[in-house]
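Undergrad: structure for the following, please:
(chains A and B)
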Amino acid sequence: MKLRTLPAILALAGFGAIAPLHAAGISNDVIRIGFITDMSGVYSDIDGPAGGDSIRMAIEDIGGEINGKKIELLVADHQNKADIASARAREWFDEQKIDVLIGGTNSSTSLAMAGVAAEKKKPFIAVGAAASDLTNAQCTPYTVHWAYDTTALARGTGSAVVNAGGKDWFFLTADYAFGHALERDTVAVVKAAGGNVLGNVRAPLSTTDFSSFMLQAQSSGAKILGLANAGGDFINSVKAAREFGVTPGMNLAGLLVFINDVHALGLDATQGMYLTSGWYWDMDDESRQWAARFQEKHKRMPSFLQAGDYSAASYYLRGVKETGTDDADTLMKWMKSNRVNDFFAKDGYVREDGQMIYDMYLVQVKTPEESTREWDYYKIVERLPGESVYGSLEESTCKLVKK
Amino acid sequence: MTDLFGVPIQALLGQVLLGLVNGSFYAVLSLGLAVIFGLLNIINFAHGALYMLGAFLAWMGLSYFGLNYWVMLIVAPILVGAFGILLEKTLIRHLYKLDHLYGLLLTFGITLLLEGVFRSFYGVSGQPYATPALLQGGVNLGFMYLPIYRAWVVVASIVVCLATWFMIEKTRLGALLRAGTENPKLVEAFGVNVPRMVTLTYGFGVALAGFAGVLAAPVMQVSPLMGSNLIIVVFAVVVIGGMGSIMGSILTGLGLGVIEGLTKVFWPEASNTVVFIIMVIILLLRPAGLFGKEK
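TA: Numbers count the residues shown, from 1 in each chain, chains lettered A, B, ... in the order given. Presented below is the predicted three-dimensional model:
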């Protein structure tokens, strides 16, 4: 009797030791996703409420539940303030028990949320933030950076402009984490390609009038005005550049331009501009189909961030489905060892520093004559391979990268 | 070429001129606020939203009804004024006897409502509005390239500001208005309909905001947030100038525009804050503002 029970006890004990790793299952019987972004401010068109709806589409497409456990989405507005973002993230991890946090636009808020997520040991996927610091100096084991970063923008647009002969630059930079990172990364690209930086000026976020900065740019003698800003600031600087006759004497290099900006400014003001994009709604059938679903609801085409929100959420949920758990460490491991394949990214992968590597696109804005229908704005000039457009692991300052 | 702190004098001249352009927006907006506060004692936080409404009306007039800039420069302020009269008649007039804070909260709520409605219809990226054909292009002044439209903004604002000042300080109507706020009972005894006069004053004050909105439409993107970006600065202008002082807010608006413009050259990072630093200093030295009278 005793001899027969002994193996059983040992087997049970053995099972018990392994069980927490494999059978953690779904905590609190619900898979809860938190999404914190700018819902009402300058960046709410490129992400905002419609970004939340993209995540809802991802939830819908996986069936609304996994293994009988419901998937829930919480959405909040951080008003572009880092303190609000981190306080809300902390509350959600502690009180609402969210399993993953998706961070929307604005680098300073995402850097703050990444810190909170690392402290709580939960996955944080940054989709709308650009600062490359997220996967470099401030990388954490729990941060995943989706869709783009400032290095990729600098290498995409910056090199294209320098190669086309734009050697002398003046920077107009948004005065916070994102603008600083974008300027720093672009300056590196320009200098490496033999160009010069003749000056820069840093304008506060949501400046109403850029004309003063245009005069400074004009008097610098530079040929390229690099706009290291985004959203409303970008739109207003392009308008001021036209009004004050900066163009055509100087050429504009919009370092972060979304399709919504092109739409708001019109093709007359933006034609011929080069920009780097992670995705374009009209690039293939799969993308057109998804964009049509989005357009039906929002009466406009999605930005590449909104497509990225869908992609990031569905990749995470695929992980939950395949591993059968919402355990943070299991999923971080899964996300870093599988491939992203959807309409947004082909054969993308999450590197050890947290950056999702995939191919991006250098596009040029069409002229009014070339554009045949609404939202027909881009010509794809070049596919930028993920391996070369993002910073390499050798260049990384992330402490997780083994060298 | 001579330098001042490492910046060529010619470049500075350009910045001073640009400062005047921005200052004229501040002047028209703060003038409306000063008129409303001086005569109604209401802190009209909805001013920025009504400025945005003026710009949107200009855009709507052009894109839905084909009405050009010059028509809307007259029509939009009238419509904004009419909307203001509606607000005053239905909501604001109930608050005259209460503390200032209630008026501020109500008008702040109206701002959120208006901005929210426009945001849900048009998003935040805004709509482009072309400069009217007559005012396109620019002149080279030697030290800078001045778009003709910007020059027009300065001229139009100064004319409107001076006309308002003249009407309130120098005409019989203005005298009645000022008397009506000092002692409404007595003025009513002379057969003047004071409540109607107050309603029309509010309508006129917000019409000025609508006018500034139309002026701004070709220069700035017409967007639901354009008012909230500006309104806080404009309030600071009114406080620095002295709450309720008409000439004070005109001069302070222009002056602060210039100071802000110069800050954009010497220390651009501080250009959004400099107005508030000045406000703190002025409030410490002269609590009633530069042109205000202590009560």
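Undergrad: interface residues of the stretch 51-200 of chain B facing chain A?
TA: By Cβ under 8 Å from any Cβ of the partner chain, the residues of the stretch 51-200 of chain B that approach chain A are B:119, B:123-128, B:131, B:138, B:144-145, B:147, B:149-150. Any C-beta I mention is one placed from the backbone N, CA and C, and that applies to glycine too.
Undergrad: hang on, residue B:164 packs against residue B:31?
TA: Yes - using Cβ atoms under 8 Å, residue B:164 is in contact with residue B:31, at 6.0 Å.
Undergrad: right, and the helix or strand after the least confident helix or strand in chain A by mean pLDDT?
TA: Each helix and strand of chain A was given a mean pLDDT (mean pLDDT, DSSP states H and E); the minimum falls on helix A:2-22 at a mean of 49. Remark: after helix A:2-22, the chain's next helix or strand is strand A:30-37, criterion DSSP states H and E.
Undergrad: can you list the strands that that following strand pairs with?
TA: Strand A:30-37 pairs in its sheet with strand A:69-77 (parallel), strand A:100-103 (parallel), by DSSP bridges.
Undergrad: after the shortest one, next one along is what?
TA: Put plainly, it is strand A:100-103. Next along from strand A:100-103, by DSSP H and E: helix A:107-120.
Undergrad: buried stuff in that following helix?
TA: Neighbour counts over helix A:107-120 (16 or more other Cβ atoms under 10 Å in any protein chain shown) mark A:107-118, A:120 as buried.
Undergrad: up against chain B, what does the stretch 201-350 of chain A have?
TA: Residues of the stretch 201-350 of chain A lying near chain B by Cβ under 8 Å from any Cβ: A:201-204, A:206-209, A:211-213, A:215-216, A:218-219, A:231-232, A:235-236, A:239, A:243-245, A:260-261, A:263-266, A:269, A:300.
Undergrad: got the residue ranges for the helices in the stretch 1-150 of chain B?
TA: Secondary structure of the stretch 1-150 of chain B by DSSP state H, counting those that start in this stretch: the helices cover B:9-40, B:47-65, B:69-90, B:100-122, B:148-170.
Undergrad: just put those helices in JSON lines and tack on mean neighbour count and mean pLDDT.
TA: Converted to JSON lines, the helices of the stretch 1-150 of chain B look like this (neighbours: other Cβ atoms under 10 Å in any protein chain shown; pLDDT from 0 to 100):
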{"stretch": "helix B:9-40", "mean neighbour count": "24", "mean pLDDT": "85"}
{"stretch": "helix B:47-65", "mean neighbour count": "24", "mean pLDDT": "92"}
{"stretch": "helix B:69-90", "mean neighbour count": "19", "mean pLDDT": "93"}
{"stretch": "helix B:100-122", "mean neighbour count": "16", "mean pLDDT": "89"}
{"stretch": "helix B:148-170", "mean neighbour count": "17", "mean pLDDT": "90"}
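Undergrad: in a markdown table, list the ones you listed along with distance to residue A:54.
TA: Compiled in a markdown table, the helices of the stretch 1-150 of chain B are given as follows (distance: least, Cβ to Cβ, whole Å):
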| stretch | distance to residue A:54 |
| --- | --- |
| helix B:9-40 | 38 |
| helix B:47-65 | 28 |
| helix B:69-90 | 36 |
| helix B:100-122 | 18 |
| helix B:148-170 | 40 |
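Undergrad: among those, which is nearest residue A:149?
TA: Across the helices of the stretch 1-150 of chain B, residue A:149 has its closest neighbour in helix B:100-122 (28.6 Å, Cβ to Cβ).
Undergrad: show residues contacting the closest one.
TA: A:40, A:44, B:41-50, B:52-53, B:56, B:87, B:91-92, B:95, B:223-225, B:227-228, B:231 (Cβ atoms under 8 Å, 6 or more residues apart in numbering or on different chains).
Undergrad: so it versus helix B:47-65, what angle?
TA: 30 degrees (axes from the mean of the first three to the mean of the last three Cα atoms, to 10 degrees).
Undergrad: can you tell me how far the residue nearest to residue A:403 when sequence neighbours are not counted is from chain B?
TA: Excluding the flanking residues, the one nearest residue A:403 by Cβ to Cβ, 6 or more residues apart in numbering or on different chains is residue A:394, at 7.5 Å. Residue A:394 is 34 Å from chain B, where distance means Cβ to the nearest Cβ, to the nearest Å.
Undergrad: count of neighbours near residue A:394?
TA: 7 (other Cβ atoms under 10 Å in any protein chain shown).
Undergrad: for it, helix, strand, or coil?
TA: Counting by DSSP: H, G, I helix; E, B strand; the rest coil, the backbone at residue A:394 sits in coil.
Undergrad: look up phi and psi at it.
TA: In terms of degrees, to the nearest 10, the main-chain angles of residue A:394 are phi -60, psi -40.
Undergrad: residue A:353 is in contact with that one, correct?
TA: No - the pair residue A:394 / residue A:353 is not scored as a contact, 11.5 Å apart, by Cβ under 8 Å.
Undergrad: out of the strands paired with strand A:30-37, deepest packed?
TA: Ranked by mean neighbour count, those are led by strand A:100-103 with a mean of 29 (mean count of other Cβ atoms under 10 Å in any protein chain shown).
Undergrad: next SSE after the one helix or strand residue A:253 maps to?
TA: Element membership of residue A:253, judged by DSSP H and E, is strand A:251-254. The C-terminal neighbour of strand A:251-254 among helices and strands, as given by DSSP H and E, is helix A:259-265.
Undergrad: helices or strands next to the helix or strand following that next one in the packing?
TA: Once the chain leaves helix A:259-265, the next helix or strand it forms, by DSSP H and E, is helix A:267-270. With contacts taken as 3 or more Cβ pairs under 8 Å, 6 or more residues apart in numbering or on different chains; DSSP states H and E, helix A:267-270 sits against helix A:231-243.
Undergrad: most proximal residue of the stretch 1-150 of chain B with respect to chain A?
TA: residue B:125 (3.8 Å; Cβ to the nearest Cβ).
Undergrad: how about that residue: what's its closest non-neighbour residue?
TA: Residue B:125 sits nearest to residue A:264 (Cβ to Cβ, 6+ apart), 3.8 Å away.
Undergrad: check residue A:49 too.
TA: residue A:39 (5.9 Å).
Undergrad: thinking the residue nearest to residue B:125 is in contact with residue B:124, fair?
TA: No - under the criterion of Cβ under 8 Å, residue A:264 is not in contact with residue B:124, lying 9.2 Å apart.
Undergrad: hey, what's in contact with both of those two?
TA: Here residue A:264 and residue B:124 have no joint contacts, going by Cβ under 8 Å, 6+ apart.
Undergrad: now tell me what touches stretch B:56-65 from outside.
TA: Stretch B:56-65 is contacted from outside by B:67-69, B:71-73, B:75-76, B:79-80, B:118, B:122, B:127, B:129, B:210, B:213-214, B:217, B:222, using Cβ under 8 Å, 6+ apart.
Undergrad: now find how far off-centre that stretch is within its chain.
TA: Chain-centre distance of stretch B:56-65: 21 Å, with Cα atoms, centre = their mean, to the nearest Å.
Undergrad: let's see that stretch as PDB, backbone CA atoms only.
TA: Output of stretch B:56-65 as PDB, limited to C-alpha atoms (Å, rounded to 0.1, in the frame of the first residue of the first chain):
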ATOM      1  CA  PHE B  56     -15.600  78.300 -37.100                       C
ATOM      2  CA  LEU B  57     -18.500  80.400 -38.400                       C
ATOM      3  CA  ALA B  58     -16.100  82.000 -40.900                       C
ATOM      4  CA  TRP B  59     -15.100  78.600 -42.000                       C
ATOM      5  CA  MET B  60     -18.600  77.300 -42.200                       C
ATOM      6  CA  GLY B  61     -19.800  80.300 -44.100                       C
ATOM      7  CA  LEU B  62     -17.200  79.700 -46.700                       C
ATOM      8  CA  SER B  63     -17.500  75.900 -47.000                       C
ATOM      9  CA  TYR B  64     -21.200  75.500 -46.600                       C
ATOM     10  CA  PHE B  65     -22.700  78.700 -48.000                       C
END
